[in-house]
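Student: coords please:
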Amino acid sequence: MRELHYGSGVITVSFDVCSAVFDYTVALANAGKTDRITVPVITDGERGFSNLLLGPQTQLYCTAVAGETRGTGVDNADNDSADDVDLEDRELVETLKKKTAALVPGSPLSAANRRLNSDSNDLD
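Tutor: Residues are numbered from 1 along each chain as shown. Below is the predicted model:
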């Protein structure tokens with residue numbers, strides 16, 4: 001799990017959702033576009049949902065949840081109710097990956113949406 005810092009708040013999301021949100025936010029910023037997405041979060045020890053508005057001015061950062069071993073999803077702290085909450089959402093992650101690819105110039109998924117423009121930004 002990861003703590004996603006968004007605006008003045010913090011939400012707890014899965015590692016994969018956090019990564020997909022970051023990649024999509026970068027692609028949106030480079031394209032000068034905005035989108036609203038809904039992600040699964042922990043709220044009051046249970047699965048809930050949060051809406052995020054992402055765009056060129058969005059500032060995000062992410063940190064590991066206290067006591068979690070980096071990138072493994074293994075929690076070294078005492079178990080609590082949050083450990084039992086399933087925050088995975090494979091469909092959302094795949095959707096965000098597709099949306100990200102559609103915004104990236106040169107991506108196979110973006111070919112139909114891409115304008116031929118010498119001012120295109122590379123994401124490398």
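
Student: Contacts only, for D86.
Tutor: R47 (CB atoms under 8 Å, 6 or more residues apart in numbering). In this view, the C-beta of every residue, glycine as well, is placed from N, C-alpha and C.

Student: pLDDT wise, what is G7 at?
Tutor: At G7, the model reports a pLDDT of 87.

Student: Revised request: answer the last question for L92.
Tutor: At L92, pLDDT is 96.

Student: what do you get for A66?
Tutor: For A66, the predicted pLDDT is 82.

Student: Regarding it, what is its secondary structure?
Tutor: Counting by DSSP: H, G, I helix; E, B strand; the rest coil, the backbone at A66 sits in coil.

Student: ok, it to R47 distance?
Tutor: Distance of A66 to R47, given as CB to CB, to the nearest Å: 20 Å.

Student: Which residue of those two possesses the greater neighbour count?
Tutor: Just comparing A66 and R47: by other CB atoms under 10 Å the higher neighbour count belongs to R47, 13 against 9.

Student: hang on, isn't the more buried one packed against V85?
Tutor: Yes: using CB atoms under 8 Å, R47 makes contact with V85 at a distance of 5.2 Å.

Student: How much space separates the one residue sitting closest to the centre of the chain from D86?
Tutor: In the chain, the C-alpha nearest the mean C-alpha coordinate belongs to V21, at 1.6 Å (CA atoms, centre = their mean). V21 sits 18 Å away from D86, going by CB to CB.

Student: picking up where we left off before, any idea which helix or strand carries the residue nearest to the centre of the chain?
Tutor: helix 15-31 (DSSP states H and E).

Student: got the contact list for that helix?
Tutor: 1-2, 4, 13, 34-35, 37, 39-40, 52, 54-56, 58, 60, 62, 71, 73, 87-90, 92-93, 96-97, 99-100, 103-104, 121, 123.

Student: Show me the shaky parts of the chain.
Tutor: Applying pLDDT under 70 to the chain flags the ranges 68-83, 107-124.

Student: Nice, that's everything, thank you.
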